[in-house]
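# model the following, please.
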Amino acid sequence: MEVERSALEDLRNRARLGSSALPSVSFYTFINTHNSLNCASISQDGALVVGGFSDSSLKVWNMAKIGEEHNSSENGNTGEVGQTEHLAGLDMGKRSYTLLQGHAGPVYAANFSPEGDFILSASEDCTVRLWSSKMNANLVCYKGHNYPVWDVQFSPVGHYFVSSSHDRTARVWSMERIQPLRIMAGHLSDVDCVQWHVNCNYIATGSSDKTVRLWDVQSGECVRMFVGHRGMVLSIAMSPDGRYMASGDEDGAIMMWDLSTGRCVTPLMGHTSCIWTLAFSCEGSVLASGSADCTVKLWDVNACSRTPRAEEKAGAAHRLRLLKALPTKSTPVHALRFSRRNLLFAAGAFTRNP
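Next comes the predicted model:
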């Protein structure tokens, strides 16, 4: 009941975003990671942040507790950009994070359940693990992939999740079963990223074969193939209304697709390196992209999606609308997440310039 009341309160206080009303951004910076951070994920309310590391561990930070420690100490450590000594993994006499160990290889992906009470992790050891963020314990180890697992994502309603691997497949799982329910095979190379459609009936996969495929969850069949990227596809996001999909590749290009036709509505050019994460705002009017070029960029989705078909044939150059570029000092962006109130959370690891 308390969770539902909180959700309704968030919906009532949701900020309306657009070209003239951009989101506030809360950036969580990991420092002193020594290039060992492979992935990061942020819970829906921004209260929890998890990092997956090369030493096979997961580390979970509770932002509320860090705030309490800040108030009760004189160290001045907070969850703000540039001041996140707690996010660095520094043991200031007492560990500021929860350590989750169980994998036997580097962790490449982590994802919170919609309510934030579970965490999924994917690893080089070919397994996916389910963790309880309440008990700080490993609950299940899912074995099925034959090679390293690159990504894992909870469905929008929880309970079900999908994983993708170097074995060129994506697999759909249920939390209560240790064997996959569906195996999606068809890509010609690694499946690098996965994303659920908002209605949970479809799953999108991005691959090193430079294509994005849309799969029917019921049948396990591929129903759409999106061709246009010139590099491996590393990130995917679905619009809240289910009409559009954005995909980002290793060259820094983002493509906006119309799911009904399979056509590229518009390419969004501006990043100079890999697109590691994409996120739509709650009403779908703004797309945020995070890149290895150490920037977050905000794009006007409305300008991309309301172009008449006659203009579409004339070329897309005039329709690219970048609302704002938000550079970090030297922090590649690993994760982006819009809260229910349309606050944008971001996370990345500070890297020293050589």
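# okay, helices next: where are they in this protein?
2-12, 63-72, 301-305, 309-314 (DSSP state H).
# and these, which one averages the lowest pLDDT?
Of all these, the minimum mean pLDDT falls on helix 309-314 (a mean of 50).
# and for Ala246, the neighbour number?
27 (other Cβ atoms under 10 Å). C-betas here are computed from N, CA, C, even on glycine.
# again with the one 3 residues further on
By other Cβ under 10 Å, 23 other residues sit near Asp249.
# try the one 10 residues further on
Counted with other Cβ under 10 Å, the neighbours of Leu259 add up to 19.
# show the contacting residues for it.
Contacts for Leu259 (Cβ atoms under 8 Å, 6 or more residues apart in numbering) come out as 197, 214, 224, 242-245.
# among those residues, which ones are buried?
With burial judged by 16 or more other Cβ atoms under 10 Å, the buried subset of the contacts of Leu259 is 197, 214, 224, 244-245.
# out of those, which sit inside strands?
214, 224, 244-245 (DSSP state E).
# in space, what's closest to Ala64 - neighbours in sequence excluded?
Among residues not flanking Ala64 along the chain, Ala47 sits closest, at 5.9 Å (Cβ to Cβ, 6 or more residues apart in numbering).
# model confidence score at the one you found, please.
92.
# can you tell me how far it sits from Phe345?
Ala47 sits at a distance of 10 Å from Phe345 (criterion: Cβ to Cβ, to the nearest Å).
# show me the shaky parts of the chain.
1-14, 67-94, 304-320, 353-354 (pLDDT under 70).
# how deep is the residue nearest to Ala64 tucked in, by neighbour count?
16.
# ok, it - contacts?
62-64, 116.
# swap in His145?
126-128, 163, 165-167, 169, 171.
# do Asn136 as well
Applying Cβ under 8 Å, 6+ apart, the residues near Asn136 are 60, 98, 100.
# give me the neighbour count for the first one.
What it means is Val60. 20.
# go ahead and confirm it touches Ser133.
Yes: counting by Cβ atoms under 8 Å, Val60 does reach Ser133; the two are 6.5 Å apart.
# so what sits against both of those two?
Shared contacts of Val60 and Ser133, counting by Cβ under 8 Å, 6+ apart, come down to 48, 119.
# which residue packs closest to Gly248, ignoring adjacent ones?
Ile275 (2.6 Å).
# what's the answer for Ser235, then?
Gly248 (4.3 Å).
# measure that neighbour to Ser96 for me?
32 Å.
# between those two, which one's more packed in?
Gly248 (28 against 21).
# on that earlier part again, dump the ones in strands among the buried ones among the contacts of Leu259 to a markdown table, plus distance to Ala204.
Shown next, in a markdown table, are these (distance: Cβ to Cβ, whole Å):
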| residue | distance to Ala204 |
| --- | --- |
| Leu214 | 5 |
| Arg224 | 9 |
| Tyr244 | 11 |
| Met245 | 6 |
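# where along the stretch 251-354 of the chain do the strands fall?
Using DSSP state E, counting those that start in this stretch, the strands found in the stretch 251-354 of the chain span residues 254-258, 263-268, 275-280, 286-291, 295-300, 322-327, 333-338, 344-349.
# how about the contacts made by the residue nearest to Asn199 when sequence neighbours are not counted?
Spatially, and ignoring its direct neighbours in sequence, Asn199 is nearest to Gly242 (5.9 Å; Cβ to Cβ, 6+ apart). By Cβ under 8 Å, 6+ apart, the residues touching Gly242 are 197-199, 259.
# also Met256?
Met256 makes contact with 244-246, 264-268, 287, 301, 304-305, according to Cβ under 8 Å, 6+ apart.
# so it bridges to which residues?
For Met256, the beta-bridge partners under DSSP bridges are Ala246, Thr266.
# in PDB, list the C-alpha atoms belonging to stretch 147-159.
Provided in PDB are the C-alpha atoms of stretch 147-159 (Å, rounded to 0.1, in the frame of the first residue of the first chain):
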ATOM      1  CA  TYR A 147      29.500 -18.100 -23.400                       C
ATOM      2  CA  PRO A 148      29.800 -14.800 -21.500                       C
ATOM      3  CA  VAL A 149      26.500 -12.900 -20.800                       C
ATOM      4  CA  TRP A 150      26.600  -9.300 -21.900                       C
ATOM      5  CA  ASP A 151      23.300  -7.900 -20.800                       C
ATOM      6  CA  VAL A 152      20.300  -8.700 -18.600                       C
ATOM      7  CA  GLN A 153      17.000  -6.700 -18.200                       C
ATOM      8  CA  PHE A 154      13.900  -7.100 -16.000                       C
ATOM      9  CA  SER A 155      10.600  -6.800 -17.800                       C
ATOM     10  CA  PRO A 156       8.500  -3.700 -17.000                       C
ATOM     11  CA  VAL A 157       6.300  -5.700 -14.600                       C
ATOM     12  CA  GLY A 158       9.200  -7.700 -13.000                       C
ATOM     13  CA  HIS A 159       9.200 -11.500 -12.600                       C
END
